[in-house]
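Asks: Sequence plus predicted model, see below.
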Amino acid sequence: MSGRAQSWVAHLRQGGTTPWLAWRGDPSSDRAGDGVLPGAQQLELLRRINLARESGAQPRARHDREGTRLADRVLAAPAAGRGKADLPLVGVETPAFGPQPVDPATVGAHELLRVASVLLADDLVALGPDPVRTAWARPWRLRFRLVGDPVLVAGWREDLASRGRPEGGPRPFVVAVGRPLDELLAHTWTQRCFETGSTPWVEWLRFWRERDQLPARADLPASVRRWHARRPLVRIVTDLDRLPRQLGVRRLPAVRVPGADQAELARRIAAVVGIRVPAEERPALMRTLQRRIPDTGTDPVVVPAREREWVAASAARTTREVRRAGYAVVGDLAGLAPRTETPAATGAGAADQQVLDLAIRMVVDPGWRTVGHPRAGAERSVEQ
């Protein structure tokens, strides 16, 4: 690599934040050095990480040691998923073929996220899954099978198992948690991001709309039929205040609904985790991330305006199927209809810059990886 590029890389490894085009280099480093120059994505991500670390309160010596180790990880990390190859720096001699040289400061957030997601996936794999809290099953508990809203159901299943009230048993009630269909679709995609990963929100929604079908966990009648329960043992619950009684408990805890930026970052991390570990281990790791990912105050994803007509028609079809099946309804079936108010968000999901800000925050601050880290507070929650 050129002497100027070599000195800039050294500057970044030492915590520097000077942009490439503003870097003049050291007079003593004009001679070209050996080695391969990292891509512009890695270099710019490291510069932004250094900017974020400048506000840290760590002791300087510790900052230097940890900063150098982190810098080496960033510079060696590949870019995950589809996108551009490692981009060369503008002003540095490059081959006549391959990607065009760029100013690192102009590299988009999408490209930087491809590198950041690899770092976070490796951190998550190194952390390992959180232990699942369980208790002896109470013999007098109400037998139930919980289906419906995936985000809420996942949180409540975990809580109930820790209180000695796991699902299953002989002739259980099938309790389906119903929500407005636009919210149910958003939660279905979000939970998938925190389990196995998914396509982007808008693409995922378009996939189902073009087939005029609902995904399995958003289709309440199909979720009930999957368990072959007889009609008297089925409850469709749309009034969440009355849900605890259907499960034989007095209350249910708040469940945090991840924001659009959290879900999108998890989606990207899941793709890398799927390469690092066997398929059966990925959901437990991603659920660990779901518990620990920092809050940002960003709202969850919403259904775009162009899909709302299809969502309304699908909700009406679901309501007709529930009525035709004769299932007991706890609440009002009108609660399955999509919300009528127009959301403030566009429905396109989180902006790449929002997601990148969260990713850099997690790379810089290892608090989310601390052993015994408590479940993050509920910024957007449903509590019973």
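Replies: Looks like it arrived, so ask away. Numbers count the residues shown, from 1 in each chain.
Asks: residues contacting His137?
Replies: Careful, residue 137 is Ala; it's not His. Applying C-beta atoms under 8 Å, 6 or more residues apart in numbering, we find Ala137 in contact with Gly164, Arg165, Pro166. The way it works is simple: take the backbone N, C-alpha and C, and place the C-beta from them, glycine included.
Asks: Buried among those residues? Make that a ChimeraX selection.
Replies: This is how ChimeraX selects the buried members of the contacts of Ala137, with burial counted by 16 or more other C-beta atoms under 10 Å:
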select :165,166
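Asks: distance between the ends of stretch 87-101?
Replies: Chord length of stretch 87-101, first to last residue, is 6 Å (C-alpha to C-alpha, to the nearest Å).
Asks: what's the neighbour count on Thr370?
Replies: Taking other C-beta atoms under 10 Å as the criterion, the count of residues near Thr370 is 11.
Asks: Ok, Val36 next?
Replies: Every residue meeting other C-beta under 10 Å relative to Val36 is counted, giving 7.
Asks: And the strands in the stretch 51-200 of the chain?
Replies: Taking DSSP state E, counting those that start in this stretch to define them, one finds strands in the stretch 51-200 of the chain at 144-148, 173-177.
Asks: Nearest to Val273 among these would be which one?
Replies: Using C-beta to C-beta as the measure, strand 144-148 is the one of the strands of the stretch 51-200 of the chain that comes nearest Val273, at 25.9 Å.
Asks: What angle do strand 173-177 and the closest one make with each other?
Replies: Regarding strand 144-148 and strand 173-177, their directions subtend 20 degrees when assessed with axes from the mean of the first three to the mean of the last three C-alpha atoms, to 10 degrees.
Asks: Strand 144-148: how far from the chain's middle?
Replies: Relative to the mean C-alpha coordinate of its chain, strand 144-148 is positioned 23 Å out (C-alpha atoms, centre = their mean, to the nearest Å).
Asks: which SS class is Ile236?
Replies: Taken by DSSP: H, G, I helix; E, B strand; the rest coil, the conformation at Ile236 corresponds to strand.
Asks: Now do the same contact list for it.
Replies: For Ile236, the contact set (C-beta under 8 Å, 6+ apart) comprises Ala176, Gly178, Leu220, Val224, Val322, Tyr327, Ala328, Val329, Val330, Gly331, Leu333.
Asks: Show me these that map onto strands.
Replies: The subset of the contacts of Ile236 located in strands under the criterion DSSP state E comprises Ala176, Ala328, Val329, Val330.
Asks: burial of the last one, as a residue count?
Replies: To tie it back to what came earlier, the one meant is Val330. Residues near Val330, counting by other C-beta under 10 Å: 19.
Asks: And the pLDDT for it?
Replies: Confidence per residue is given as pLDDT, and for Val330 that number is 97.
Asks: so what's it bridging to?
Replies: Val237 (DSSP bridges).
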